[in-house]
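*Asks:* I need the structure of the sequence given here:
(2 chains)
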Protein chains: 2
Amino acid sequence: MIKRGDDLARLLAEALRSLGLQLQEGDIVAVCQKIVSKAEGRIVSLKEIDPSPLARQFAARWDKDEREVELVLRQTSRIVRMDNAMLIVETGPGWVCANAGVDQSNSLGDDLAILLPEDADASAARIRAGLKSITGVEVAVLVTDTFGRPWREGLTEVCIGIAGMEPLLDMRGTTDLGGRELHHTVLAVADELAAAAGLLMPKAGAIPAVLIRGYQFKPAEASAKALIRPAASDLFR
Amino acid sequence: MIKRGDDLARLLAEALRSLGLQLQEGDIVAVCQKIVSKAEGRIVSLKEIDPSPLARQFAARWDKDEREVELVLRQTSRIVRMDNAMLIVETGPGWVCANAGVDQSNSLGDDLAILLPEDADASAARIRAGLKSITGVEVAVLVTDTFGRPWREGLTEVCIGIAGMEPLLDMRGTTDLGGRELHHTVLAVADELAAAAGLLMPKAGAIPAVLIRGYQFKPAEASAKALIRPAASDLFR
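*Replies:* Below you'll find the model as predicted:
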């Protein structure tokens, strides 16, 4: 169980050692948001939350905890949909997701909720730098979270923070087998890597990090915010 | 290059043999939609398409090929958004995606387009049965395609047809590390598996199938349509 102030890079390095694994150049380490947030102290006591009138009314209509609703609103820069007991919002950094990523499960106890990291790119960069200083190896790091999506049932793991690699693979200008130019093909490889890692992170929480080896990524100083579709080109906000 | 009438199960079995690989119980074979559609003859000549007035007007406004727009409309049961040169629709089977999944790239030549399989679950079941009869091994099969999504940049590989496994992993009723019941956790594992496979399917098209080994899925006679969020609970249609 991760506590505030824990050094995730050191804990990951110890876990790798205990499994007999050594980091290699080209590895990717995917770390779930929850342990990142816990280590960064992003835990809030609902007892200290004084709900606004909006939070009270929405909670009353849909039989929700008004303190949880208020906490979500405090992480919100814009409400995308507020209906059917669901609160889909834009967070400060720009993620569009349910409940601003605020999570009550796997918490330290009742009446506690976990917020997203304040800057998950910075979280990923710190873990990357820590692993470099402990092991001497430069890996890429993803911070991942479990998001729902429109149109499709079920949650998938996506990338919300990145260090050391490009989150998008831009194929535009290359040609296909028929010699036709690919016009629209930008692949969200960081989300596909997160999804692959998600398969090995059961939600009961016992596996908070996954080592991905053998995927050839494009090294870069980058931000996971490249995965946020600009509002102007998004027909669904 | 796959042609109409090709036996994909036989070709996949031959490819596995040539790679020195043997299928095992518990394996998952992910096959990209494009070769499935080609083998099933889901190729249309745009020269035979007579565009409707709606197709003509939308194409004229956004500088698109009116025959392509018409072809998309013919695969469409409901238009979700029609703006900004984008046509987001529900297909007959219920998938919500851009251009009804109609694809002009990697085609056999100009003026040809590829449609989605008519019933990708049935396609997956045929490949599964073929692999069973050739190799004696029962695997799960996914048919995958590359879809965009709201809110997030970039395309990811998703599952549109399945045979032999549950596409969703329902964790509701189980408890997390803190003993809290998980209320909302249904995971779209078939989409996460498709995404993992997508990382190994470069869009130039040279790798149309991926063998996934070591993921413990729930065997079932199932349909990928379980991945379609019912319109009534979807705030974004």
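
*Asks:* quick check: domain ranges of chain A?
*Replies:* Per automatic domain parsing, the structural domains of chain A span A:1-40+A:116-227, A:43-115.

*Asks:* format these as JSON lines; extra columns: mean neighbour count, mean pLDDT and distance to chain B.
*Replies:* Heads up, the C-betas are built off the backbone N, CA and C, glycines and all. As requested, the domains of chain A are arranged in JSON lines below (neighbours: other C-beta atoms under 10 Å in any protein chain shown; pLDDT from 0 to 100; distance: least, C-beta to the nearest C-beta, whole Å):
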{"stretch": "domain A:1-40+A:116-227", "mean neighbour count": "19", "mean pLDDT": "94", "distance to chain B": "3"}
{"stretch": "domain A:43-115", "mean neighbour count": "17", "mean pLDDT": "92", "distance to chain B": "4"}
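
*Asks:* from B:Ser18, how far off is A:Ala197?
*Replies:* 30 Å (C-beta to C-beta, to the nearest Å).

*Asks:* distance to B:Glu66 added to the domains of chain A, as a markdown table?
*Replies:* As requested, those are exported to a markdown table (distance: least, C-beta to C-beta, whole Å):
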| stretch | distance to B:Glu66 |
| --- | --- |
| domain A:1-40+A:116-227 | 18 |
| domain A:43-115 | 33 |
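
*Asks:* now the closest residue to A:Asp191 other than its chain neighbours, which residues is it bridged with?
*Replies:* Residue nearest to A:Asp191 in three dimensions, not counting chain neighbours: A:Val158, with 4.8 Å by C-beta to C-beta, 6 or more residues apart in numbering or on different chains. Note on A:Val158: beta-bridge partners by DSSP bridges are A:Asp145.

*Asks:* contacting residues for A:Val158?
*Replies:* A:Val158 sits next to A:Thr144, A:Asp145, A:Thr146, A:Phe147, A:Asp191, A:Ala194, A:Ala195, A:Leu227, B:Arg152 when contact means C-beta atoms under 8 Å, 6 or more residues apart in numbering or on different chains.

*Asks:* considering those residues, which is situated nearest to A:Pro202?
*Replies:* Nearest to A:Pro202 among those, counting by C-beta to C-beta, is A:Thr146 at 11.2 Å.

*Asks:* wait, isn't that closest one in contact with A:Thr156?
*Replies:* Yes. With contact defined as C-beta atoms under 8 Å, A:Thr146 counts as touching A:Thr156 (7.3 Å).

*Asks:* list residues touching both of the two?
*Replies:* A:Gly198, B:Leu187.

*Asks:* columns distance to A:Glu66 on top of the contacts of A:Val158, output as a markdown table?
*Replies:* Listed next are the contacts of A:Val158 as a markdown table, based on distance: C-beta to C-beta, whole Å:
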| residue | distance to A:Glu66 |
| --- | --- |
| A:Thr144 | 30 |
| A:Asp145 | 24 |
| A:Thr146 | 24 |
| A:Phe147 | 24 |
| A:Asp191 | 33 |
| A:Ala194 | 32 |
| A:Ala195 | 34 |
| A:Leu227 | 32 |
| B:Arg152 | 30 |
